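> the following block contains a protein sequence and its predicted model.
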Amino acid sequence: MVADPDCSVVCIREIQKSLALSAKKLIEAKIREFGVGHLFDVLKTEIRRIGGNGMCIFVGMQDHTADSVKSLEGFNIAWVEEAQSLSQRSLDLLIPTIRAEGSQIWASWNPRRRSDPIERLLRSAKGPRADAIVVRANYTDNPFLPGPMKRTAEDAKENDPEGYPHTWLGEYESVGSKVVIPAAWVKSAIGIAAKLDIEVTGRKYAALDVAGGEDGGDENALAIRKGISLLSVTPWNGLDTAITTQKATRLAAAQGVREAYYDSVGVGEGVTGEWASMGRRSEQPDGFKWHPWSGGASVLDPDGRIEPNNPQSPLNKDQYQNLKAQAWFSLRKRFENSHKAARGKPYDPEMMIDLPADLPNLAQIEEELTQPQHKTSGTGKTMVDKQPDGARSPNLADAINMAFFPCMAATLTYTGAI
């Protein structure tokens, strides 16, 4: 705006309850610091450029609709601060609105989750957009970094090895956050069996997340595991549960699976009916069985400890709200053990998970596994939110979760011995 008196800038946050929560005070401070106060008229709600038509305003995207956002069409620059919190709806409104000749959208953020809309837009597994410049800048790149700040960072590096990568290096949120499975743990599980020369043995299980189930979704996903290793995750579109059941049965049986589980809530009930129909038509493979799996069911072994070897740990019934939460934290423990193994620390070899490095959809699997977050219910129990901030249903991860926690909803019997 100093260089171009007609340049207009809109400073954006997802939610802006007051100007005190905007970047306005920071910009005012920089105007004074750079000695350019004579070029600007700082008003209560905006900053105007003296000698031109330029202005700087501050808005929250949640206050806008498809019609009201049109008021931003003439702006040259949209700066999105804390862009990790920007919703997909807001991005969908903003991108076609900032369209003046030569206009730009700037986004600044500390990465939170791989599945956040700004991450999918600018840092997807396919790489950055062709029309975007993505710069990763940390405190290590700052030549003006104050000494106390550097010492604080180095102290965190030594004493908070899990939180340091996110807070100081822009990695995705880890253990100290609400994420159930930290991204670093998922990375450690990739190829862990091959790295440690572990011979993968044990039973095979399959699990089917049905499209349009309890939490919605647009894809079916079938996960197959053998012992600690995930063999495959196959997604496909289609809401016809009859066709879905037949296809999933063929895929699982072809890989030698005899025990298979499916999300039995909502549209998943259709699998129950089709499996019975297949029996009447004599189309069920010999020895093959589908079992219902319900995330809303009560926890397994309710009077058991969440850490069996720790008599001080809470009981399962006191810790987890439902079976879904218990299963996700069981999966978390598997990834934690794989992370320990990768770092040369003691671990439980029977409670690991191996993600082969050649899985064809590994990037999506990583993204979905690190999406669910945990929270506390009104009764103080742990719950799992699989779609925080309106994220898409993690169909592949749901199937993986069920495959590694195979239990029959009718009897709530855990059948997942390695």
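Structure received.
> quick one: low-confidence ranges for the protein?
21, 161-162, 174-177, 212-218, 390, 408-418 (pLDDT under 70).
> can you show me the helices along it?
24-33, 88-94, 117-122, 147-159, 164-169, 183-189, 192-195, 241-254, 269-280, 316-319, 323-342, 362-369, 395-403 (DSSP state H).
> those helices: which one's closest to G380?
helix 316-319 (8.3 Å; CB to CB). C-beta here means a position set from N, CA and C on the backbone, and glycine is covered the same way.
> pull the distance from the closest one to the chain's centre.
Put simply, helix 316-319 sits 25 Å off its chain's centre (CA atoms, centre = their mean, to the nearest Å).
> can you dump the C-alpha atoms of it in CSV for me?
The C-alpha trace of helix 316-319 is given here as CSV (Å, rounded to 0.1, in the frame of the first residue of the first chain):
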residue,chain,number,x,y,z
ASN,A,316,-12.3,-49.2,30.4
LYS,A,317,-15.9,-48.3,31.3
ASP,A,318,-14.7,-45.2,33.1
GLN,A,319,-12.3,-44.1,30.4
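> can you list contacts of that helix?
For helix 316-319, the external contacting residues (CB atoms under 8 Å, 6 or more residues apart in numbering) are S298, V299, L300, D301, P302, D303, G304, R305, I306, Q326, K381, T382.
> rerun at 10 Å
298-307, 313, 325-326, 329, 379-382 (CB atoms under 10 Å, 6 or more residues apart in numbering).
> coming back round to it: of the helices of the chain, which stretch is the most buried?
Most buried of the helices of the chain, by mean neighbour count (mean count of other CB atoms under 10 Å): helix 395-403, with a mean of 28.
> output it as PDB, nothing but the C-alphas.
The C-alpha coordinates for helix 395-403 follow below in PDB (Å, rounded to 0.1, in the frame of the first residue of the first chain):
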ATOM      1  CA  ASN A 395     -13.400 -44.100   5.300                       C
ATOM      2  CA  LEU A 396     -10.100 -45.800   4.800                       C
ATOM      3  CA  ALA A 397      -9.000 -45.100   8.400                       C
ATOM      4  CA  ASP A 398     -12.400 -46.300   9.700                       C
ATOM      5  CA  ALA A 399     -11.900 -49.600   7.900                       C
ATOM      6  CA  ILE A 400      -8.400 -50.000   9.200                       C
ATOM      7  CA  ASN A 401      -9.600 -49.200  12.800                       C
ATOM      8  CA  MET A 402     -12.200 -52.000  12.600                       C
ATOM      9  CA  ALA A 403      -9.700 -54.500  11.100                       C
END
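> what angle sits between it and helix 241-254?
60 degrees (axes from the mean of the first three to the mean of the last three CA atoms, to 10 degrees).
> give the contact list for the spatially closest residue to P346 that is not a sequence neighbour.
Spatial nearest neighbour of P346, excluding adjacent residues (CB to CB, 6 or more residues apart in numbering): K340 at 6.8 Å. The contact partners of K340, by CB under 10 Å, 6+ apart, come to W185, S188, P346, Y347, D348, M352.
> circling back: which among the contacts of helix 316-319 end up buried?
Neighbour-count burial (16 or more other CB atoms under 10 Å) is assigned, among the contacts of helix 316-319, to V299, L300, R305, I306, A325, Q326, F329, K381, T382.
> as TSV, the residues you listed with distance to G147 would be great.
Below are these laid out as TSV (distance: CB to CB, whole Å):
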residue	distance to G147
V299	51
L300	53
R305	47
I306	44
A325	44
Q326	47
F329	41
K381	45
T382	41
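> domains in the chain, as residue ranges please.
9-109, 183-414 (automatic domain parsing).
> residues in contact with stretch 35-54?
1-2, 4-11, 19, 22, 24, 27-28, 30-32, 55-58, 74-76.
> coming back round to it: including distance to G170, could the domains of the chain go into JSON lines?
Listed next are the domains of the chain as JSON lines, based on distance: least, CB to CB, whole Å:
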{"stretch": "domain 9-109", "distance to G170": "9"}
{"stretch": "domain 183-414", "distance to G170": "12"}
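> I'd like to know which of those is closest to K150.
Closest among the domains of the chain, using CB to CB: domain 9-109, at 21.1 Å.
> one step back: kindly give a single PyMOL line that selects the buried subset of the contacts of stretch 35-54.
A single PyMOL command suffices to select whichever of the contacts of stretch 35-54 are buried according to 16+ other CB under 10 Å:
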select buried, resi 1+7+8+9+10+11+22+24+27+31+55+56+57+58+75+76
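> what about the contacts of stretch 35-54, which are in strands?
Mapping those onto strands (DSSP state E) picks out V9, V10, C11, M55, C56, I57, F58.
> quick one: contacts of stretch 117-136?
80, 82-92, 95, 104-109, 111-114, 116, 141, 169-170, 172, 361-364, 366-367, 389-392.
> gap between the two ends of that stretch?
17 Å (CA to CA, to the nearest Å).
> now it: buried residues?
Of the residues in stretch 117-136, those buried (16+ other CB under 10 Å) are P117, I118, E119, R120, L121, L122, R123.
> among those residues, which one sits closest to T272?
R120 (34.8 Å).
> centre-most residue in this structure?
Centroid-nearest residue in the chain, with CA atoms, centre = their mean: Q371, separated by 1.9 Å.
> might one say that it is in contact with K386?
Yes: using CB atoms under 10 Å, Q371 is in contact with K386, at 6.9 Å.
> what touches both of these two?
V180, R392, S393, P394, A397.
> with adjacent residues omitted, what lies nearest to the residue nearest to the centre of the chain?
Nearest to Q371 is S115, by CB to CB, 6+ apart, at 4.7 Å.
> I57 too?
For I57, the spatially nearest residue (CB to CB, 6+ apart) is E46, at 4.8 Å.
> next, the one you found: phi, psi?
Phi and psi for E46, reported as degrees, to the nearest 10, are phi -150, psi 170.
> tell me the spacing between it and K324.
Note on E46: its distance to K324, by CB to CB, to the nearest Å, is 47 Å.
> cool, and Q88?
24 Å.
> cool, and K386?
K386 is 8 Å from K324, by CB to CB.
> now do V265
On the measure of CB to CB, V265 and K324 end up 10 Å apart.
> kindly report the same for N220.
N220 is 19 Å from K324, by CB to CB.
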